[in-house]
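Chemist: 3D model of this:
(one chain, ligands or ions: 1)
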Amino acid sequence: MLGVRGPGASGVIAMGLLASLVPDRETVVVECRRCGTTVDRGTSVCSVCDSEDIAEYTIR
Ligand SMILES: [Zn+2]
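Modeler: Got it, this is the predicted structure:
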């Protein structure tokens with residue numbers, strides 16, 4: 001068991017990943033205006049109702 005630190009080390013790595021995915025404190029929400037489904041950022045057509053009316057909000 002040389003150098004094994006248990007779950008603590010992986011927890012630190014997970015925190016770092018999370019921080020890199022969320023720069024500053026902005027949260028971008030992208031959703032369909034027709035049906036309200038949240039879609040991935042960069043999506044231009046709703047996967048649920050095929051609407052191209054996609055709205056993007058930035059929440060601070
Ligand atoms: Zn939709």
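
Chemist: and the helix or strand hosting V30, what does it pack against?
Modeler: Element membership for V30 (DSSP states H and E) is strand 27-32. Here strand 27-32 touches strand 54-59, going by 3 or more CB pairs under 8 Å, 6 or more residues apart in numbering; DSSP states H and E. Yep, even glycine has a C-beta here, placed from its N, CA and C like the rest.

Chemist: follow-up on the earlier one: buried residues in the strand holding V30?
Modeler: Buried residues in strand 27-32, defined by neighbour count with 16 or more other CB atoms under 10 Å: 30-32.

Chemist: check stretch 45-60 too.
Modeler: Residues of stretch 45-60 classed as buried by neighbour count (16+ other CB under 10 Å): 46, 54.

Chemist: enumerate the residues of this protein near the ion.
Modeler: 32, 34-35, 37, 46, 48-49, 51 (CB under 5 Å from the ion).

Chemist: inside strands: which ones of those?
Modeler: Among the residues of the chain next to the ion, the residues falling in strands (DSSP state E) are C32.

Chemist: no more questions from me, cheers.
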